[in-house]
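Q: sequence and computational prediction follow.
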Amino acid sequence: MPRAAYRSRRAELAAIRADLTDRGATTDRIAAIVRARFNVNSRVAYRQALGLTQQRVADRWNQLFPSDRPVTHKQISYWEAWPSASGRPPSIEDLNKLAQIYQCSAAALLDGADFTAYDAVTAVSPEAATAAVAVGDRTNSVQPIDIVSRVDAVISSSGSHLVANEADYQRLVQELIEWAQRMHRRDILHWLSFAAAAAAAAPVLIGLDPDEQERTVSALASPSRVDDNTIDHIEAVLWRCMRQDDTLGPAAALETTLAQRSLVRSLLPAVAGITRDRLLSLYANLLRFAGWLSFDLNDFDSANTYFEHARTAAHEAHNTELGALVLCNMSHLATWRGQPRTGIDHALAAGGWAMRTEDDHLRAYAFDVAARAYAMDGQQTAALSAIESARTIVSNSAGSPTGLVYFYNVGQLASTESTCHLYLGSYEHGATVAEQALADIDPTFVRNLALTSLRLGVCRMRAAKPDISRAAQAMTVAVQLASHNQSARLIQRLRRGTKELAQWTHVPEVRQVSEQMVAYGLTT
């Protein structure tokens, strides 16, 4: 909800406190959000996080420390105004007493840099706290802090397949984080988070139980022993890599995917019949996914090569669904590269094959990529018609997306629709649809959420009546999500969007976006 919806700043502060308290946020986190949201220092933020006036703080001081000289609200005001010329610096003893009233550390009241490691116990991370977002009516649109906290909760979940569960691994990561904490280096923490994600994905056999590992190793030693169960196990690793990419980005999955591709290629010559078709389909999907990862790493030429080989392998395996999906990926790649006519060609071919399948969501996805290409080419009628065709298919579908297009639902469709409006210059419509997409996209699809939040910011920025504050808030969320998902495509678009936003540096939220980009090492 925009600020104008509140009668006063006091009412907005009350809404923020109530909402975050209901969600279990600590005083430290509420103060961090207040500080960023209203551009105040920590002494003001902690007082307002507790709902105290300066007079109430003075009263508590005098009750707790009756032997001291009485403190007035004016003294509290001087301490809060410092280091401006109108303020006066509090002594260490003064800070200690304020900290006792606010139930925080004295150091937290000095506005120093915060290198605290992420606390996985809470749903709202310190990074999310500094996102500086409004809390309001969630029935109209999802709020940015909800997005970041949802993602943090998914990634930090102890039962998640995205995080190693071994006690030794967790202990090692914690020790490394504590070491980096002592070094006071945010870039070290950033590197460690990336390294931990990559380490969790690297081995080809990760995610398999001992029996499954033995079966896969036996097949590698003797390819003639390949059977459906062996293929099941290798597919399980691919599935894990795909889900890691959705959340953590391409670098965490590429090495494993390429190793799997080599493994399956080595098994192909020794199998025949139905088993060969199935193994060849797996090989095609590995090539397709390697292409997708290369695409997301901005290695477009490699991506195109992988996709071409994947299409050939899919057709050789008589896998119509996979062939259609590869063509959808090729369309997406071409459009992203600024080649919409090629994107249209691939999308029409994908649609032709998809219509021969019984997969509703695959058919809808073919219309989806076509809409994206039509919009970039300026064909508004064709683009919006394709969106409506996709929406009709998804609406009439009996079930949820599964299999190859597990990622495609109403949230992804809305995200693509916002892309079309952005290409077509309909920025207000683009912002409205992007907000809906953020509410509907599953939080495990971090890259999709980040790109959609970025697009929301760009649409708000380019609208006939720009809302720069809210545009910057949306982009800040995209930066926060990009710290989880190291997608080169995402980071490149973030740099482009924040560069365009930089012309409004007089707006506090815009300056915060730049600070966040630097803090997470996302600048050039």
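A: Alright, I've got the coordinates.
Q: pLDDT below threshold where in the stretch 251-400 of the chain?
A: In the predicted model of the stretch 251-400 of the chain, residues 252 satisfy pLDDT under 70.
Q: mind listing the helices for it?
A: 251-267, 273-296, 300-316, 320-336, 340-354, 360-376, 380-396 (DSSP state H, counting those that start in this stretch).
Q: what's the local residue count around the closest residue to R341 other than its chain neighbours?
A: Nearest residue to R341, sequence neighbours excluded (Cβ to Cβ, 6 or more residues apart in numbering): D377, at 6.4 Å. Bear in mind the C-beta positions are built from the backbone N, C-alpha and C, glycine included. Applying other Cβ atoms under 10 Å, we find 17 residues neighbouring D377.
Q: how about D377, phi and psi?
A: Main-chain dihedrals, D377, degrees, to the nearest 10: phi -80, psi 0.
Q: let me see the contact set for it.
A: P340, R341, I344 (Cβ atoms under 8 Å, 6 or more residues apart in numbering).
Q: deepest-packed of the helices of the stretch 251-400 of the chain, please.
A: Using mean count of other Cβ atoms under 10 Å, the stretch among the helices of the stretch 251-400 of the chain with the largest mean neighbour count is helix 360-376, at a mean of 27.
Q: and that one with helix 380-396, angle?
A: Using axes from the mean of the first three to the mean of the last three Cα atoms, to 10 degrees, the direction of helix 360-376 lies 160 degrees away from that of helix 380-396.
Q: from the chain's centroid, how far away is helix 360-376?
A: 23 Å (Cα atoms, centre = their mean, to the nearest Å).
Q: so what pLDDT did A58 get?
A: pLDDT for A58: 91.
Q: now do the SS call for it.
A: At A58 the chain is in helix, as set by DSSP: H, G, I helix; E, B strand; the rest coil.
Q: quick one, phi/psi of L50?
A: With angles defined as degrees, to the nearest 10, L50 sits at phi -90, psi 0.
Q: so what's E509 up against?
A: Contacts of E509 (Cβ under 8 Å, 6+ apart): A132, I468, S469, A472, Q473, T476.
Q: quickly note the distance from it to I147.
A: Remark: distance between E509 and I147 (Cβ to Cβ, to the nearest Å) = 16 Å.
Q: just for the stretch 101-250 of the chain, where's the confidence low?
A: Those would be 112-146, 148-150, 152-225, if you go by pLDDT under 70 across the stretch 101-250 of the chain.
Q: low-scoring stretches of the stretch 401-524 of the chain, by residue?
A: By pLDDT under 70, the low-scoring segments of the stretch 401-524 of the chain are 524.
Q: list the contacts of stretch 67-84.
A: By Cβ under 8 Å, 6+ apart, stretch 67-84 touches 41, 43-44, 47, 53-55, 57-58, 61-62, 86-90, 94, 98.
Q: coming back round to it: mind putting the helices of the stretch 251-400 of the chain into CSV with distance to P70?
A: Output for the helices of the stretch 251-400 of the chain, formatted as CSV (distance: least, Cβ to Cβ, whole Å):
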stretch, distance to P70
helix 251-267, 59
helix 273-296, 63
helix 300-316, 70
helix 320-336, 66
helix 340-354, 72
helix 360-376, 67
helix 380-396, 67
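Q: which one of those lies closest to S453?
A: Minimum separation from S453 across the helices of the stretch 251-400 of the chain (Cβ to Cβ) falls at helix 273-296, 17.1 Å.
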